[in-house]
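Enquirer: for reference, the sequence and a predicted model appear below.
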Amino acid sequence: MFLEETAIPYRIVPVNIGAGAQFEPGFLAIAPNNRMPAILDSEPTSGEGPLSLFESGAILLYLAEKSGQLLPRELHARFEVIQWLFWQMAGLGPMAGQNHHFARYAPEKLPYAIARYMNETNRLYGVLNTRLAGRAFIAGENYSIADLACYPWIVPHESQGQKLEDFPQCDAGSRRSARVRPR
């Protein structure tokens with residue numbers, strides 16, 4: 001999403017996880033955790049040769065730093081964005097991911113696990129809803145990597161057992177993020 005939003009040229013290299021390509025040495029050299037996303041920047045600003053990165057938060061920070069986009073330079077605004085990016089990385093993403101797993105994909109339906117992750121996802125939606133009250137974006141007046149990181153976790157709200165009408169600011173925030181295309 002970052003690359004599309006900022007019009008930075010890129011090339012997608014498919015990784016066939018059904019065939020186990022994420023365990024091949026070439027991919028593990030870029031992403032030792034054998035997960036997506038991962039990037040290889042063949043032209044980092046350091047000029048020291050290609051740079052590989054894995055983990056979406058690290059990738060977003062790197063791309064924002066490199067491009068000078070979607071991450072403020074001013075200290076307070078910058079760390080407002082970074083803390084909400086980390087909130088998504090440590091809370092919203094993992095909890096919603098576990099919610100998806102136990103509610104939809106686990107071979108055995110475990111009521112405790114389903115309720116635990118659905119309730120925690122609900123709590124995090126509440127945090128985000130409160131945060132978005134009276135503001136256009138998560139971390140200030142401008143669209144940022146915090147919005148980019150959170151948006152994909154709100155889109156599948158129904159499969160997470162969440163009703164956006166219970167979180168009107170999240171609903172408005174997801175509509176804002178979906179239509180904002182800074183250039």
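Expert: Alright, I've got the coordinates. Residues are numbered from 1 along each chain as shown.
Enquirer: from here on, just use CA atoms for contacts and neighbour counts.
Expert: Noted.
Enquirer: Ile39 in helix, strand or coil?
Expert: Following DSSP: H, G, I helix; E, B strand; the rest coil, Ile39 is assigned to strand.
Enquirer: now do it: how many residues are near it, please.
Expert: 19 (other CA atoms under 10 Å).
Enquirer: would you point out which residue is most central in this protein?
Expert: Ala149 (2.8 Å; CA atoms, centre = their mean).
Enquirer: which parts of the helix or strand containing it are buried?
Expert: Remark: Ala149 resides in helix 145-154, with elements defined by DSSP states H and E. Using 16 or more other CA atoms under 10 Å as the test for burial, helix 145-154 gives 145-151, 153-154.
Enquirer: ok, of those residues, which one's closest to Gly93?
Expert: Using CA to CA, Trp153 is the member of the buried residues of helix 145-154 that lies nearest Gly93, at 6.5 Å.
Enquirer: that closest one and Pro94 touch, don't they?
Expert: No: using CA atoms under 8 Å, Trp153 is not in contact with Pro94, being 9.8 Å away.
Enquirer: let me have the buried residues of helix 145-154 in a markdown table, extended by pLDDT and distance to Ser56.
Expert: Listed next are the buried residues of helix 145-154 as a markdown table, based on pLDDT from 0 to 100; distance: CA to CA, whole Å:
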| residue | pLDDT | distance to Ser56 |
| --- | --- | --- |
| Ile145 | 98 | 10 |
| Ala146 | 98 | 11 |
| Asp147 | 97 | 13 |
| Leu148 | 96 | 10 |
| Ala149 | 97 | 8 |
| Cys150 | 96 | 11 |
| Tyr151 | 95 | 13 |
| Trp153 | 95 | 13 |
| Ile154 | 95 | 16 |
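Enquirer: could those residues go into JSON lines alongside distance to Glu108?
Expert: Formatted as JSON lines, the buried residues of helix 145-154 follow (distance: CA to CA, whole Å):
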{"residue": "Ile145", "distance to Glu108": "36"}
{"residue": "Ala146", "distance to Glu108": "34"}
{"residue": "Asp147", "distance to Glu108": "34"}
{"residue": "Leu148", "distance to Glu108": "33"}
{"residue": "Ala149", "distance to Glu108": "30"}
{"residue": "Cys150", "distance to Glu108": "29"}
{"residue": "Tyr151", "distance to Glu108": "29"}
{"residue": "Trp153", "distance to Glu108": "24"}
{"residue": "Ile154", "distance to Glu108": "25"}
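Enquirer: can you map out the helices along this structure?
Expert: Using DSSP state H, the helices of the chain run over 2-6, 25-30, 56-67, 75-87, 93-100, 111-132, 145-154, 168-179.
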